[in-house]
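**Student:** Have a look; sequence and predicted model below, questions after that.
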Amino acid sequence: MTFADQIFKQNIQNILENGVMSENARPHYKDGKTANSKYITGAFTSYDLEKGEFPITSLRPIAIKSAIKELMWIYQDQTSELSVLEDKYGVKYWREWALEDGTIGQRYGATVRKHNIIGKFLDGLAKNPWNRRNIINLWQYEDFEETEGLLPCAFQTLFDVRRDPKTQEIYLDATLIQRSNDMLVAHHINAMQYVALQMMIAKHFSWKIGKFFYFVNNLHIYDNQFEQAQELLKRTGSDKEAKLVLNVPDGTNFFDIKPEDFELVDYEPVKPQLKFDLAI
Ligand SMILES: Nc1nc(=O)c2c([nH]1)NC[C@@H]1CN(c3ccc(C(=O)N[C@@H](CCC(=O)O)C(=O)O)cc3)CN21
Ligand SMILES: O=c1ccn([C@H]2C[C@H](O)[C@@H](COP(=O)(O)O)O2)c(=O)[nH]1
């Protein structure tokens, strides 16, 4: 089993044994019933990407390509128009959260564009990579007041560089902070899409990727997912550590990187796929 599989199983076990139930939860299932969940708070894992520890489980197939396309939609296209996600990238999994205007509101990509977050962020790193202020923050109250829409879950990313004293190479480390996570569905989707972002920024500046730190404040399993959780605990993951590779030369501009440039190597997930009735 991989490092990520062990962490995943520990988190499942911990939530099932020590988690508490939500009360008066916001989401509901398709049949209208309230979607409560069992959760723990303050879950943290450190992945050493350089050592091949990627945050992807092999206990079931995870839609990593879709996750990377969703990331491009947010940080390159900088829009919250669903038509772009669906027609340009073929990713359909945001449909349930669309507003009447065909967007997911003044959120995610629309927030990135409105505040020129990527422009300012890349400028900051270019001027002085050691500035300790390299933050992408999608939690903008002013935007939330503009429209309806789900509030961003993976909402903040922090980056730091460090030079390896032996090789003199510069490494880029990243921290993803997430307020809420539907663990069985989106834990590895969220983690791997932000690893992809880290890789894109590292390539833009010709740096190496270092460590990825992942903090989730409310890590949950919905009350209609307990069977899937038990099934995941029974499975034995792959012996191979899957790796994400970005096949572009050092110095490739952030905006020129495409989803096809990413390759997932040695990914041999256990089947069959599990089905989820999502909390909306
Ligand atoms: N309850 C809930 N969980 C989420 O993970 C979630 C939300 N809501 N709301 C907004 C977005 C939408 N996201 C989603 C929604 C659906 C899938 C999903 O259906 N995943 C399938 C495979 C999808 C595919 O193959 O393209 C899976 O098996 O994980 C994934 C992420 C993540 N977010
Ligand atoms: O990228 C995402 C987007 C959403 N989620 C999950 C986390 C929660 O289960 C719901 C959002 O509900 P809130 O009541 O707003 O917390 O969607 C995710 O895991 N990753």
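**Tutor:** Here it is on my side, so go on. Note that the structure is predicted; figures quoted are calculated from it, not measured. Numbering: from 1, shown residues only. Ligands and ions are numbered 1, 2, ... in the order given.
**Student:** Would you state the helices of the stretch 51-200 of the chain in chain order?
**Tutor:** Using DSSP state H, counting those that start in this stretch, the helices assigned to the stretch 51-200 of the chain run over residues 64-72, 82-83, 108-114, 117-127, 141-146, 183-204.
**Student:** To ligand 2, which of those lies closest?
**Tutor:** In this view, the helices of the stretch 51-200 of the chain are compared for proximity to ligand 2 by C-beta to the nearest ligand atom, and helix 183-204 is the closest at 3.6 Å. The way it works is simple: take the backbone N, C-alpha and C, and place the C-beta from them, glycine included.
**Student:** could you list every residue that touches residue 221?
**Tutor:** Contacts for residue 221 were tallied using C-beta atoms under 8 Å, 6 or more residues apart in numbering; they are 12, 15-16, 19, 37-39, 183-184, 229.
**Student:** and if you look at residue 249?
**Tutor:** For residue 249, the contacting residues are residue 203, by C-beta under 8 Å, 6+ apart.
**Student:** ok, the residue lying closest to residue 126 once chain neighbours are set aside - how many residues close by?
**Tutor:** Taking C-beta to C-beta, 6 or more residues apart in numbering, and ignoring the residues beside it in sequence, residue 126 has residue 205 as its nearest neighbour in space, at 7.6 Å. Look at residue 205: counted by other C-beta atoms under 10 Å, it has 16 neighbours.
**Student:** isn't residue 205 right up against residue 125?
**Tutor:** Yes: under the criterion of C-beta atoms under 8 Å, residue 205 is in contact with residue 125, at a separation of 6.5 Å.
**Student:** Report the distance from the longest strand belonging to the chain to the chain centre.
**Tutor:** Looking only at the chain and at elements set by DSSP state E, the strand with the highest residue count is strand 208-222. Once both centres are worked out by C-alpha atoms, centre = their mean, to the nearest Å, strand 208-222 turns out to sit 8 Å from its chain's centre.
**Student:** ditto for stretch 52-64
**Tutor:** 12 Å.
**Student:** Provide a list of residues in contact with residue 214.
**Tutor:** Counting by C-beta under 8 Å, 6+ apart, residue 214 touches 44-47, 55, 175-176, 178, 191, 194.
**Student:** thinking again about what came up before, pick out whichever of the contacts of residue 221 sits closest to residue 217.
**Tutor:** For the contacts of residue 221, the residue nearest residue 217 by C-beta to C-beta is residue 39; the value is 9.6 Å.
**Student:** Check which element follows the longest strand of the chain along the chain.
**Tutor:** Sequence-wise, the next helix or strand beyond strand 208-222 is helix 226-234, with elements assigned using DSSP states H and E.
**Student:** Is that next one positioned near ligand 1?
**Tutor:** No: judged by C-beta under 6 Å from any ligand atom, helix 226-234 stays clear of ligand 1, getting no closer than 9.8 Å.
**Student:** Could you confirm residue 267 falls within a strand?
**Tutor:** No: the assignment for residue 267 (DSSP: H, G, I helix; E, B strand; the rest coil) gives coil, which keeps it out of a strand.
**Student:** Without its sequence neighbours, what residue ends up closest to it?
**Tutor:** Distance criterion C-beta to C-beta, 6+ apart; nearest residue to residue 267, sequence neighbours excluded, is residue 242 at 3.9 Å.
**Student:** Quick one: residues contacting that neighbour.
**Tutor:** Residue 242 neighbours (C-beta under 8 Å, 6+ apart): 2, 54, 56, 58, 264-268.
**Student:** Please produce a PyMOL select command covering the buried subset of these.
**Tutor:** Here is the PyMOL command that selects the buried residues among the contacts of residue 242 (16 or more other C-beta atoms under 10 Å):
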select buried, resi 2+54+56+58+264+267
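**Student:** Can you tell me which of the contacts of residue 242 is nearest residue 166?
**Tutor:** Out of the contacts of residue 242, the member with the shortest distance to residue 166 (by C-beta to C-beta) is residue 54, at 23.5 Å.
**Student:** thought the closest one was touching residue 47?
**Tutor:** Yes: in this structure, residue 54 sits in contact with residue 47. The criterion is C-beta under 8 Å, and the distance is 6.6 Å.
**Student:** shared neighbours of the two, anything?
**Tutor:** With contacts defined as C-beta under 8 Å, 6+ apart, the residues adjacent to both residue 54 and residue 47 are 4, 195.
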